[in-house]
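1. 3D model of this:
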Amino acid sequence: MRLSIRVSFVFWGIALLTGICYVISRGLVFKQIFMNHAGIPISQPEVANAYNASGDSRPQLIPKLIHQVFHNWHDPGNEVLPDDWDKVRQTCIKANPDFNYTLWTEKSSRDFIEREYAWFLHTYDGYRYPVQRVDAVRYFILLHYGGIYLDLDNGCKTDLTPLLYYPTWITEPGRGALSNNVLASRPNHPFWNRLTLSLMPWDYNWFFPYVTISYASGQWFVSAIWQEYHSLLPKVSENPDIEHRLYRLMMDDRAGEDPWVYFTQERGGTWINWDNYLFLMIGDHLFLFVLLLVSSISLAGWLITRMIRKYKTGGYSRLKTQLNRYTI
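-> The predicted structure is shown next:
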């Protein structure tokens, strides 16, 4: 009897310790997703000033291509853009007449994956949420063709040419995870190669739609791979004459931050699910959330300890007393 009780305690102790270790490991991952991002931050005014100072004397690294993706999962097969999004995309076409513009539809996106990256097609078709296919295809497009990718709710204020002189950049909203709404790269950059190869091992269902979308293919995923990629680069101190880090284009829309020179933000949020508001609130109060999480784990540990002690003193010990009473 005593052995079975002790084995039970050991089993539950190991299970609890494993759970705590897993939560801590996930917490460390979330820390690198939401805080202290790697790479070189650069504001849109800095990009404009650098271009005005040097003109086009620097090598242009990114081709003059603009990509946008429209998958109409509310009305499959209908490839006509809503009027407001069509007006927004026209701002980019008119401001960049010498760019080649492509609107990727649900059909052309899948045909592209099937033709160029057939090894990924099963995962692509199997995504639980349609927006994950929109996420994934943009990464493969940048890997294959290069250029500038914009979500349909992002418009253009002016010519995007000054943004073409950096090998790869993603956008930094200034709080929380990095963003995948506006991206740019030269073709075949190793960052996008590593990111696309990571899509399959990161393809998990985390129950919450927002977490699954963000962590398996969206902003959290991009942020984690960004950190991972930069951790593998040579340290700046090892060779200060060669810059291996990539750029984070600042797109912080809060008052007092650097102005947006190149882009606008219009109607979005088409992939909003029931849990989005919950996690957006957590993101805005991350310290409080972590404090409550640690407190809850501590309270649970204390309650379990109390229950174990009560069980040992009130259960087995009482039974032992009764048995001893009738021992001859």
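2. contacts, neighbours, all on C-alpha from now
-> Fine.
3. any chance you could map the strands in the stretch 51-200 of the chain?
-> Under the criterion DSSP state E, counting those that start in this stretch, the stretch 51-200 of the chain contains strands at 65-70, 100-105, 147-150, 154-156, 168-172, 179-185.
4. what's the closest of these to residue 249?
-> Closest approach to residue 249 among those (C-alpha to C-alpha): strand 168-172, 4.7 Å.
5. how about the CA coordinates for the closest one, as PDB?
-> The C-alpha trace of strand 168-172 is given here as PDB (Å, rounded to 0.1, in the frame of the first residue of the first chain):
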ATOM      1  CA  THR A 168      15.600  41.600 -47.000                       C
ATOM      2  CA  TRP A 169      13.400  43.500 -44.600                       C
ATOM      3  CA  ILE A 170      10.300  42.800 -42.600                       C
ATOM      4  CA  THR A 171       8.100  45.200 -40.600                       C
ATOM      5  CA  GLU A 172       8.300  46.100 -37.000                       C
END
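6. Give me the angle between it and strand 179-185.
-> Orientation check (axes from the mean of the first three to the mean of the last three C-alpha atoms, to 10 degrees): strand 168-172 against strand 179-185 gives 160 degrees.
7. Quick check: buried residues in strand 168-172?
-> 168, 169, 170, 171, 172 (16 or more other C-alpha atoms under 10 Å).
8. Spatially nearest residue to the first one (excluding sequence neighbours)?
-> By that I understand residue 168. Excluding its sequence neighbours, the residue lying closest to residue 168 (C-alpha to C-alpha, 6 or more residues apart in numbering) is residue 185, at 4.1 Å.
9. Quickly note the distance from that neighbour to residue 100.
-> Residue 185 is 15 Å from residue 100, where distance means C-alpha to C-alpha, to the nearest Å.
10. which of the two has more neighbours?
-> Using other C-alpha atoms under 10 Å as the criterion, residue 185 and residue 100 rank with residue 185 on top: 30 against 13.
11. What's opposite that one in the beta bridge?
-> Beta-bridge partners recorded for residue 185 (DSSP bridges): residue 147, residue 168.
12. I'd assumed residue 167 was in contact with it.
-> Yes. Here residue 185 reaches residue 167: they are 5.6 Å apart, a contact under C-alpha atoms under 8 Å.
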